[in-house]
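> No letters, just coordinates:
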C-alpha cells in the first residue's frame, strides 16, 4: 500500500514538472500593428511587430499556459489595467499607439522562471531588457512602440543583456527647473 502511494506521489510530481516544462515552451505572442492588423503569433525570443517601417503597435496578446499578466501604456490613455493570458492589452481600431508594456508571470511559473522583454521604440531603436513586471518602452514622450521581444529563462539561468540602455524612459512633465 505504501509503495502504491509513493508511486502515485512520484508520478504526480513528474506530471507537474512536465507540465511546467511544457508551459515554458508554449509562450506565444502577437501584435496588432498599424496598417497590418493582427500579425501571426511568434514564440519565445522572437520579435513581434515591425522595425524600420514606422508602424505603431496598437495591441498585444500573450498566450502562456503557465500564468502571465501584462498591461500596456497607451497614447492619451496611460497605463491600462492588467490583463491575463489570451486577452488583448492596448486598443484595436482606435489608431492609438502603445508606448510601453509591463509583463509579469503569475502562479507557480513565477517561482521557476523569469520573463525578460525589450521594446523597439520610434527614434530610439531597441531599449535594454526589462524583467518581471518592470516597464519597457516610454511614457510621456509621444513615441510609438514598434516591436517587442519576450523570452523566458529558468530562475537560475544568468542572462547578459548586452545593452547599457535603460528599458524604460519617462518624460517628466512640468518638472521644476534647476
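Structure received. Since we're looking at a predicted model, the values are computed, not measured.

> Low-confidence stretches in the protein?
1-25, 173-178 (pLDDT under 70).

> Which residue lies nearest the spatial centre of it?
Geometric centre of the chain, nearest residue: residue 103, 4.3 Å, by C-alpha atoms, centre = their mean.

> what's it in contact with, if anything?
62, 68-70, 115, 117, 130, 133, 136, 150 (C-beta atoms under 8 Å, 6 or more residues apart in numbering). Using the backbone N, CA and C atoms, a C-beta is placed for each residue, glycine as well.

> from those residues, which is closest to residue 77?
residue 70 (15.3 Å; C-beta to C-beta).

> wait, doesn't that closest one sit right on residue 63?
No. Using C-beta atoms under 8 Å, residue 70 is not in contact with residue 63; the gap is 11.0 Å.

> and the two? which has more neighbours close in?
residue 70 (26 against 14; other C-beta atoms under 10 Å).

> Doesn't the more buried one lie inside a strand?
Yes. Under DSSP: H, G, I helix; E, B strand; the rest coil, residue 70 falls within a strand.

> is it in a bridge, and if so with what?
Beta-bridge partners recorded for residue 70 (DSSP bridges): residue 83, residue 103.

> ok, it - contacts?
Residue 70 touches 60, 62, 82-83, 89, 101-104, counting by C-beta under 8 Å, 6+ apart.

> Quick one: buried ones out of these?
60, 62, 82-83, 89, 101-104 (16 or more other C-beta atoms under 10 Å).

> Out of those residues, flag the one nearest to residue 121.
Once C-beta to C-beta is applied, the member of those that ends up nearest residue 121 is residue 101, at 11.2 Å.

> Residue 99: what's its closest spatial neighbour, skipping adjacent residues?
Excluding its sequence neighbours, the residue lying closest to residue 99 (C-beta to C-beta, 6 or more residues apart in numbering) is residue 73, at 4.8 Å.

> What about residue 46, how many residues nearby?
Neighbour number of residue 46 under other C-beta under 10 Å is 13.

> quick one: it and residue 149 touch, right?
Yes. Counting by C-beta under 8 Å, residue 46 touches residue 149, with 7.1 Å between them.

> Over to residue 89: give its phi and psi.
Phi and psi for residue 89, reported as degrees, to the nearest 10, are phi -110, psi 140.

> Identify the bridge partners of it.
Going by DSSP bridges, residue 89 forms beta bridges with residue 60.

> Please name the residues that touch it.
59-61, 70-72, 80, 83, 98, 101.
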